[in-house]
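Engineer: sequence first, then the predicted structure:
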Amino acid sequence: MKKVLFFGFLTVALLLLFSGCFQPLSPREYSVTGEVLTTSGERVPFATIEIDGKTILETDETGRFQVSLKRGDHSFLAKEPGAKSITKRLDLSKEENLSLVMDQFDATEGWKYRQVSGGFRATLLFLAASLPDVVSLQLSGDFSRDDVSAGNARDFVFVMESSGKTQIDWTPILRQESTFSFLVEAFSITFPLPQKITELARISSSDGETARLGDYRSFSTPPSAGRSVVDPSELRYVGDMVTDAAPDVYAPDGKINVYDLIRLLDHYGTAGTMQNGDFAGSGNYHNFQRTPFSRVGLVGDGQVDIWDLVVLLDAYNLDETEINTPVSPENLQVVLNPAEHTHTLSWESPADDINDGYKVYGSNVNTSGQEHLTRFFWRR
């Protein structure tokens with residue numbers, strides 16, 4: 001019996017000894033919770049958190065984070081495009097709560113997120129030193145034109161939705177360079193629920209160099225066969241210069257999109273012809289009319305400049321379908337002629353709209369069942 005007790009005590013002692021020996025090999029982990037703030041105290045969604053020099057995680061949609069770390073010394077740094085916090089060091093020996101304030105400038109660009117009244121806002125930032133002349137993004141999700149706002153009233157922004165994707169084209173070319181700060185807000189997208197922007201493709205141009213990322217495909221509406229009244233070749237007078245497949249070669253393809261804009265900007269400020277983007281001059285650029293389409297009165301002045309850019313941006317995204325969209329008649333009137341039991345139908349077409357025709361439908365039986373005649377007078 002004594003031997004049994006002796007071996008029992010010996011076993012317990014050995015277990016305690018070995019557990020004490022192995023404890024340093026499995027240091028305890030502690031939870032660190034925290035938040036990332038702006039200098040005004042606003043929490044920052046989807047900010048990147050670097051721990052010990054490595055990107056470990058990002059904040060959630062409320063600007064908070066949580067991570068479990070081993071006991072010891074650790075460094076923490078929060079970042080987003082254009083801003084970062086100072087590095088905070090923490091000798092971790094218990095549960096901790098940490099606040100990181102992004103009060104330092106950081107020379108990075110990308111998407112910045114904020115919680116706003118009624119939803120969230122994502123803003124695309126560029127460094128002024130590497131600002132593109134034009135950028136076209138194709139994003140996952142449906143965003144309407146009302147969801148997108150330019151960073152500056154002089155910027156051009158085009159938005160098109162198609163089958164769960166959205167294309168946004170942006171250029172700041174109408175802005176003066178003196179208005180640029182270190183960081184340039186291109187445009188913002190507002191949406192009701194928190195989400196990160198997913199870029200499917202991007203095309204950008206700067207200093208004559210074009211860069212493409214992802215599978216960039218044109219969103220333009222395909223031409224409708226057998227419907228053209230205004231010949232799509234008319235578009236070459238207001239911006240159509242190249243195809244998507246070969247943007248360096250003059251070959252109008254019946255639509256005006258980002259590739260044509262890039263070609264004009266590549267020749268901006270130089271002498272040129274219609275093939276390079278010379279469509280109008282200071283005295284006639286306003287003669288262009290988008291709806292109904294008319295380019296009568298446009299005359300190039302031998303320079304690719306602001307007047308040509310204004311014409312192309314006004315004509316942006318036109319194609320065969322767009323220029324042949326019917327225009328509703330104006331001043332439509334129906335006059336009853338009781339003595340003759342007839343009606344007189346009259347209308348006016350918008351100025352210069354000589355390509356639209358109208359079908360008129362009538363009945364020879366009125367609501368009381370009595371037959372009557374309908375007479376139509378065409379006035380164009």
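Structural biologist: That came in fine, so what should we check first? Numbering: from 1, shown residues only.

Engineer: run through the helices of this protein in chain order.
Structural biologist: Using DSSP state H, the helices of the chain run over residues 2-22, 258-266, 306-314, 320-323.

Engineer: weakest of the ones you listed by average pLDDT?
Structural biologist: Among the helices of the chain, helix 2-22 carries the lowest mean pLDDT, a mean of 48.

Engineer: got a list of what the residue nearest the centre of the chain touches?
Structural biologist: Closest to where the C-alpha atoms of the chain average out (Cα atoms, centre = their mean) is I168, at 3.4 Å. Going by Cβ atoms under 8 Å, 6 or more residues apart in numbering, I168 touches S136, L137, L139, F143, V148, V157, F158, V159, F187, I189. Where C-beta positions appear, they are placed from N, C-alpha and C, glycine not excepted.

Engineer: strands - which of those land there?
Structural biologist: In strands, judged by DSSP state E, the following of those are found: S136, L137, L139, V148, V157, F158, V159, F187, I189.

Engineer: surely N317 and N257 touch.
Structural biologist: Yes - assessed by Cβ atoms under 8 Å, N317 is found in contact with N257 at 6.5 Å.

Engineer: which one's more surrounded, those two?
Structural biologist: Set N317 next to N257 and count neighbours by other Cβ atoms under 10 Å: N257 wins out with 26 against 18.

Engineer: how far away is the more buried one from A315?
Structural biologist: Going from N257 to A315 by Cβ to Cβ, to the nearest Å gives 11 Å.

Engineer: and the closest residue to Q303 other than its chain neighbours, what is it in contact with?
Structural biologist: The shortest distance from Q303 to any non-neighbouring residue, by Cβ to Cβ, 6 or more residues apart in numbering, is to A271 (6.0 Å). Contacts for A271 (Cβ under 8 Å, 6+ apart) come out as G302, Q303, V304.

Engineer: out of those, which comes closest to L69?
Structural biologist: Nearest to L69 among the contacts of A271: V304, at 58.3 Å, using Cβ to Cβ.

Engineer: can you give me the pLDDT of that closest one?
Structural biologist: At V304 the predicted local confidence, pLDDT, stands at 97.

Engineer: and for R154?
Structural biologist: 89.

Engineer: I'd assumed T171 was in contact with it.
Structural biologist: No - using Cβ under 8 Å, R154 makes no contact with T171, being 10.2 Å away.

Engineer: please consider this matter closed, and thank you.
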